[in-house]
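*Asks:* pasting the sequence and the predicted coordinates here, then a few questions.
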Amino acid sequence: MIKAQSPFLIVNPKSYLYGEKSLELAKAADQVAKDTGLQIYFTCPYADIRMIAENTEHVIVCAQSMDPLVPGRGMGHVLGESLKEAGAQALFLNHAENPKTLSDLYATIKRAKELEMITVVCADSTVEAKAVACMGPDIVLAEPTDLIGTGQVADDSYTVETVKALHEIDPNVLVMIASGVSTAEDCYNVIKLGADGTGATSGILKAPDPAVRVREMAEAIVKANQEK
């Protein structure tokens, strides 16, 4: 079983990329993970999981969500066993673009543990993040929803206070700060402030060369972690 490690980077193209374009960036991220030793997650649409998993070695392939069902009935829902067999090793849960009810979220985290899959669980405030941390996720992504995709990073105090609050609840949970993160400097700063990891969508995809931006971000994270 692969375990979540600090520090880390999540390359999250959401549904902007699919098929060959998604694979192209995944391969670039895979090379960066190999070169830097950094734990890098790569999210992709469900239908692309197997293709990306079979053509990469170092990235952790991350599904965009999962439902808490077991094999059997559940037409149209996302089965964890299917994701894992396709090659997914991690899950993104409760993103602002695909939120879950509290009961569904807890049940899905529990199912993920049974399947030995890493959970990255989103929360849109420190208060919600503290509640999520009580559910035993591997990573809590605490991001103010109104900053997603804006290029405006949460202020330093938000990062410091959120990391402190979550570690008081569970010292083992990894804390990810990512809203508005778009440059290598942003990545460096949030890691220096105490976050375990970060990631981006538009900050990577809108870069002149997304593959180069992934490398810049990864190197900045490694540097910041070494200087802590």
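*Replies:* Thanks, I have it.
*Asks:* now do the helices in this protein.
*Replies:* Assigned by DSSP state H, the helices in the chain fall at 19-36, 49-54, 80-86, 102-114, 126-133, 156-169, 184-192, 202-205, 210-227.
*Asks:* got the CA coordinates for stretch 83-95 in CSV?
*Replies:* Written as CSV, here are the backbone C-alpha positions of stretch 83-95 (Å, rounded to 0.1, in the frame of the first residue of the first chain):
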residue,chain,number,x,y,z
LEU,A,83,-11.2,2.3,-9.6
LYS,A,84,-8.5,0.4,-7.8
GLU,A,85,-8.4,-2.4,-10.4
ALA,A,86,-8.0,0.2,-13.1
GLY,A,87,-4.9,1.6,-11.3
ALA,A,88,-6.1,4.4,-9.1
GLN,A,89,-4.3,4.6,-5.8
ALA,A,90,-5.9,7.7,-4.4
LEU,A,91,-9.2,9.6,-4.4
PHE,A,92,-10.3,13.2,-4.4
LEU,A,93,-13.4,13.6,-2.4
ASN,A,94,-15.9,16.5,-1.6
HIS,A,95,-14.4,19.0,-4.1
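*Asks:* what does that stretch contact?
*Replies:* By CB atoms under 8 Å, 6 or more residues apart in numbering, the residues outside stretch 83-95 that reach it are 2, 4, 12, 41, 43, 46, 49-50, 52-54, 60-66, 80, 100, 105, 108-109, 112, 115, 117-123, 132, 137. To be clear about C-beta, it is placed using only N, CA and C from the backbone, and glycine gets the same treatment.
*Asks:* okay, buried residues for it please.
*Replies:* Applying a neighbour-count criterion of 16 or more other CB atoms under 10 Å, one finds 83, 84, 86, 87, 88, 89, 90, 91, 92, 93, 94, 95 buried in stretch 83-95.
*Asks:* could these be laid out in CSV, adding pLDDT?
*Replies:* Listed next are the buried residues of stretch 83-95 as CSV, based on pLDDT from 0 to 100:
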residue, pLDDT
83, 98
84, 98
86, 98
87, 98
88, 98
89, 98
90, 98
91, 98
92, 97
93, 97
94, 95
95, 93
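*Asks:* out of the residues you listed, which two sit at the greatest distance?
*Replies:* Spatial extent of the buried residues of stretch 83-95 (CB to CB) is set by the pair 87 and 94 at 22.3 Å.
*Asks:* how close does residue 28 get to residue 211?
*Replies:* Separation of residue 28 from residue 211 (CB to CB, to the nearest Å) stands at 4 Å.
*Asks:* more neighbours, the two?
*Replies:* Each of residue 28 and residue 211 has its neighbours counted (other CB atoms under 10 Å); residue 28 has more, 21 against 17.
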